[in-house]
Structure formats: C-alpha cells, structure tokens
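[1] here is a sequence together with a model predicted from it:
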Number of protein chains: 2
Amino acid sequence: MSGTRKRLPPDQRKRLIVREAVLFFCEAGFGATTRELAKRLGITQPLLYRYFPSKDALIERVYQEVYLNRWNPHWEEILDDRARPLRERIIAFYQDYAKAILTYEWIRVWMFSGLRGMDLNARYLTILRDRIYTRVIREVRREHGLPSIDDVPIGEREFELVWALHASIFYIGIRKWIYGLAIPDDVEAVVAALATAFLDGVPSVMRTLTARPSPHDTSRRSRRRA
Amino acid sequence: MSGTRKRLPPDQRKRLIVREAVLFFCEAGFGATTRELAKRLGITQPLLYRYFPSKDALIERVYQEVYLNRWNPHWEEILDDRARPLRERIIAFYQDYAKAILTYEWIRVWMFSGLRGMDLNARYLTILRDRIYTRVIREVRREHGLPSIDDVPIGEREFELVWALHASIFYIGIRKWIYGLAIPDDVEAVVAALATAFLDGVPSVMRTLTARPSPHDTSRRSRRRA
DNA sequence: TCCTTCGTCTATCGCCTGATCATTAGCAAC
DNA sequence: GTTGCTAATGATCAGGCGATAGACGAAGGA
C-alpha cells in the first residue's frame, strides 16, 4: 500500500488535493471525512494538514474554487448594450449564466452551503438582484414604454417575475444533480425558450404593476390586500 | 438538572420525541446528534433508544411524518373536473399544492434527502409527473384544440414547460427556508399569477410542439433532433 | 406500607473523527 | 555516492458519536 510513496512539489500536490476535494465534498457533502478524501487521493490523512491548517480551511478553499471566477463581469455590459435588441441581450445573458451555474459542482456546493445555514447564498443572491435583475426589469420597462425605475421603483411583484425565470433555469440543475433525473439534451435551447416566454408574458403583467392608481381610485390596491 | 424527572405514558413521550425530531433534523440536518436532540427534549440521550431502535429508524419516522398525508388525492379530481373552467382548476390545484409543500419542514427535509442521494425524491417526482403534469398538459391541449396525448405523445419540451412552473413555485420555498430571504406576504396571489402566466404563454408554444409534420415534410422533426 | 412495574437516568463501551508529532524516505545538489 | 532538505508516513491523542446495560425511582395496587 505504501509502496509508492510519491514526492511532489508542494504547489502541484496542493492542486491535486483541491481538485479532488471539490469533487469529493460535492458528492458526499461537507460532513464527509478527511480520511476518505485522503484515500481517494492515494495519500495519508495527516498529509492534508500539511497543506491546510484545518478541515474548515479546506472547505473554504472548495467554496472559493467553485464560486470564484464564475461571475462574469460582462453580464452587466451585455444587458446594458442597447445597440442589441433586448430579446437578444436577455437570451445571451441567461444562456451564459446557465452555463456558469448548471454544473455538478456549482449546484451541489450551492445547496450544501445553503442548508449549512451560511449567509453566502443570501449575499450572492442580493448581488444578483441588485446588479442583474434590476437591469432586466429596467430594460424591459424601457422597451415597452413603461415608467423608469426612478419614477416608479421596482415592486416586489416585479422581482417575483424575474425570480420565476431564475428558478426555472436553476431547477434544471437541481433535477439533474440533486434528484438524478434526466434533463433535455439541449439546455441552451430550453433556456432560450424560457427567456422568450418570459419576454412574451411579462410585459403585460408589468404594465399593470407599474400603473400608478389615480388619486381617487384606491379600489385596485385595496382589493389586492383583501 | 435531573430534578424534574417526568414520567409520561409511552405513546405521549413518543409523540413528543417525533415532533421535536422533525423540527430538530429539519434545522440541523440528519447529521445532527442524538444528544443534541435529547437536550432539546429535556431528556437523556439513551431514552431515545427506548422508543426507536436506532437513529436511522428515527430519521425514517421523520420522513414519514413530513411526507405522509401531504399528497392530496383530490388533486387529480380537481384537474379532471371539466365542469370548471381550466384556468380555475389549474390555479386551484397549484395553490393547494403550494400550500402543501411550501412549509419549513417539507422544503428542508426534501432538500436534505435529495442531497443524501436517496431515490425518494426521484420516485416522488415521477409520480408527480405521471399523475399531475400529464393531466395538466392533457387539459391544456384539449382547451386549445390541440391533438390529444394519445395521438401525439407528450414531448420532452412540453414537460419542460410544466417543470418551469413547478420550479417557480418550489423556489419560493427555497428562497425562504434555505437562503433565509424574504418572500412576498401573499404567496397565494403569486402562485395564481404564475399559473396565469403559464396558461397565457404556454398554449402558443405547445401548438408548435404538437404540430405533426405533413407526410412529405420531415425537416422539422429531423432538425429538432440534430 | 410494602411491593411490583417500567419509564428514566447514570455510566460506559467501541468506534470514528479531526488534529498532532516524531520518524522515514524521496529527490536535488554537490 | 553522500548529504541535506522536506514531503510524506505511522502512531496516537482527545473528544464526540451511536448504542448498550444496569441502577434508580415514581406510580399504582395490595
């Protein structure tokens, strides 16, 4: 068993550990043992502690590995680029976003961290909402001659529409990598279809949501609360 | 500490344990310890083993407690009842379904069991697809004079549309009980809006998906597979 | 009041886990 | 070769885990 004791340069060994740790903890969850990870790496468990001071530090590194460099700074530019048709921009963004998050590692690490009670997910989604969803709503409103978001702030129900689209895409990953179900071959086409359906269906709803009631008509708002 | 040694009838004690176990494992995950559970119950850890032979048995009981009696057999009747308008049926079903699954216990146990790699989720969703989604598609087709599901079997892309609606509703629970984010007060209204948007947007897509190519035109089908 | 019953507790076992430390052995430089 | 550095190992610790066994003591009948 210890016949092949291989001696590697530290940075190379560390890369091997990180790569395997990502896969391992994605599969088995963060409760899985360091001994099991070491076995998969073909090394002894104490060696892990030469490269990481603790299991938590290793897990932290896994988070970084999965989440880092997945946020594409161009996303905001894509949505802002009014030289392109809105439909094209929206589809381009969501296809690219889907490609970023619809991976085994992302989906599973994301759900594990969520269930662990870390605020990581909430913080990420807050950024997503402020940077992306706000832009989507702003551009859709502009496209259809609705009030700007400065005049009529984005309402909860409008965000709800974008959440629904986000959910539809995200859930494709859940189905595949959490439930182990089959998903369509051509995910890109499905995402495009979902984005299209969003753009077709949402404007009429947003029109009613952004319509300010006239001063002497409070019936609509009061009826909704009842 | 042991001053209040309370002696309860076995069935009553067991009910207390089950009730607390559901909450406890939902919060902390199934990796949480029996000692912690016992502490929350104000009893000693070995006492749990008088009522359940093992931790796994207790967890199994938690699954039963959360999932059992949540499947409403009337759901299928609701969707089949052609005396009511389709829109009304769809909204009624999804509002009721949302009420069943959008709870702290259901959402968290569901995700924990999914990440644990149990086939429980996949089996449940297969039933859901066969019993419910098939009906939804069948009725939508009928409403809009599209081919029956006997003539043109339901395609993957059609199921995809229903998955998207399911995802939008399910994700409300994820946002609240996994990420800890705020969700709308009036979930029922949101669900109704999502179902309405589905019914408004889907028929036109389904029309193209169910359109059989004429005998001498095979380009569409072949193109779809390519 | 004593005795029996059985729900509950104290004590503990065996195992596994994350983490530590002294020792071993591969590789480069000379 | 020989030597020096250090990557990698083997042995082990302290604490926590699920689970077990026997002692304790409250409730009910005699």
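    The structure has been received and is ready for your questions. Just so it is clear, the model here is predicted, and its values are computed rather than measured.
[2] isn't A:L37 right up against A:Y51?
    No. Counting by Cβ atoms under 8 Å, A:L37 does not reach A:Y51; the two are 11.8 Å apart. Every residue, glycine included, has its C-beta placed from N, CA and C.
[3] find residues that contact each of these two.
    Common contact partners of A:L37 and A:Y51 (Cβ atoms under 8 Å, 6 or more residues apart in numbering or on different chains): none.
[4] out of those two, which sits in the more crowded spot?
    Higher neighbour count among A:L37 and A:Y51: A:L37, with 21 against 17, using other Cβ atoms under 10 Å in any protein chain shown.
[5] local confidence estimate at the more buried one?
    We have a pLDDT of 98 for A:L37.
[6] what about the nearest residue to it once chain neighbours are set aside, distance to B:V109?
    Counting by Cβ to Cβ, 6 or more residues apart in numbering or on different chains, A:L37 lies nearest to A:F24, which is 5.0 Å off, once chain neighbours are set aside. Distance of A:F24 to B:V109, computed by Cβ to Cβ, to the nearest Å: 25 Å.
[7] what's the answer for A:E36, then?
    Distance from A:E36 to B:V109, by Cβ to Cβ: 25 Å.
[8] same question, A:I91
    Counting by Cβ to Cβ, the separation of A:I91 from B:V109 is 36 Å.
[9] any figure for the gap between A:I90 and A:Y133?
    Distance from A:I90 to A:Y133, counting by Cβ to Cβ: 12 Å.
[10] who's more crowded, the two?
    Taking A:I90 and A:Y133 together and counting by other Cβ under 10 Å, A:I90 has the greater number of neighbours (24 against 19).
[11] wait, what's in contact with the more buried one?
    A:I90 makes contact with A:L79, A:V136, A:E139, A:A195, A:F198, A:L199, according to Cβ under 8 Å, 6+ apart.
[12] cutoff 7 Å now
    Contacts for A:I90 (Cβ atoms under 7 Å, 6 or more residues apart in numbering or on different chains) come out as A:V136, A:A195, A:L199.
[13] poorly predicted segments of chain A, please.
    Across chain A, residues meeting the criterion (pLDDT under 70) sit at A:1-3, A:212-226.
[14] who in it is up against DNA strand C?
    Contacts of chain A with DNA strand C, taken as Cβ under 7 Å from any atom of the strand, map to A:5-7, A:32-36, A:45-46, A:49, A:53-56.
[15] quick check, nearest of the residues you listed to chain B?
    Checking those against chain B by Cβ to the nearest Cβ gives A:A32 as the nearest, at 10.2 Å.
[16] quick check on the closest one: phi, psi?
    For A:A32, the backbone dihedrals (degrees, to the nearest 10) come out as phi -60, psi 160.
[17] how close does it sit to B:T126?
    Distance of A:A32 to B:T126, computed by Cβ to Cβ: 28 Å.
[18] touching, A:G180 and B:N121? I think so.
    No. Contact criterion Cβ atoms under 7 Å: A:G180 and B:N121 do not qualify, at 8.3 Å.
[19] who has more neighbours out of the two?
    Using other Cβ under 10 Å as the criterion, A:G180 and B:N121 rank with B:N121 on top: 21 against 13.
[20] separation between the more buried one and chain A?
    5 Å (Cβ to the nearest Cβ, to the nearest Å).
[21] which residues are in contact with that residue?
    So B:N121 contacts A:Y179, B:W110, B:S113, B:G114 (Cβ under 7 Å, 6+ apart).
[22] swap the cut-off to 8 Å and go again
    Shown in contact with B:N121 (Cβ under 8 Å, 6+ apart): A:I178, A:Y179, B:W110, B:S113, B:G114.
[23] could I get the contacts of A:I90 as a markdown table with distance to B:Q12?
    Conversion of the contacts of A:I90 to a markdown table gives the following (distance: Cβ to Cβ, whole Å):
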| residue | distance to B:Q12 |
| --- | --- |
| A:V136 | 54 |
| A:A195 | 55 |
| A:L199 | 57 |
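[24] among the residues of chain A next to DNA strand C, which ones are in strands?
    Judged by DSSP state E, strands contain none of those.
[25] nearest to DNA strand D, of these?
    Ranked by distance to DNA strand D (Cβ to the nearest atom of the strand), the residues of chain A next to DNA strand C are led by A:P46 at 3.3 Å.
[26] how many residues are close by the closest one?
    10.
[27] what about the residue nearest the centre of chain A, distance to A:D81?
    Most central in chain A under Cα atoms, centre = their mean is A:I101, positioned 5.2 Å from the mean C-alpha point. Distance of A:I101 to A:D81, computed by Cβ to Cβ: 22 Å.
[28] got it, and A:I137?
    17 Å.
[29] which of those two has more neighbours?
    A side-by-side neighbour count of A:I137 and A:D81, using other Cβ under 10 Å, places A:I137 first with 21 against 14.
[30] which element is that one on?
    Using DSSP states H and E, the element containing A:I137 is helix A:134-143.
[31] derive a ChimeraX selection command for the buried subset of the contacts of A:I90.
    The buried residues among those can be selected in ChimeraX (16 or more other Cβ atoms under 10 Å in any protein chain shown) with this line:
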select /A:136,195,199
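[32] surely A:E20 and A:G42 touch.
    No. Counting by Cβ under 8 Å, A:E20 does not reach A:G42; the two are 9.5 Å apart.
[33] quick one, what contacts the residue nearest to the centre of chain A?
    A:I101 makes contact with A:R70, A:I107, A:W110, A:I169, A:F170, A:G173 under the criterion Cβ under 8 Å, 6+ apart.
[34] 10 Å instead, please
    Taking Cβ atoms under 10 Å, 6 or more residues apart in numbering or on different chains as the contact definition, A:I101 lies against A:R70, A:I107, A:W110, A:H166, A:I169, A:F170, A:I172, A:G173.
[35] what's the distance between it and DNA strand C?
    27 Å (Cβ to the nearest atom of the strand, to the nearest Å).
[36] how close does that residue sit to A:A197?
    Between A:I101 and A:A197 the distance is 20 Å, computed by Cβ to Cβ.
[37] any idea how far A:I107 is from DNA strand C?
    Distance, A:I107 to DNA strand C, using Cβ to the nearest atom of the strand: 23 Å.
[38] also A:V187?
    Computed as Cβ to the nearest atom of the strand, the A:V187 to DNA strand C distance reads 35 Å.
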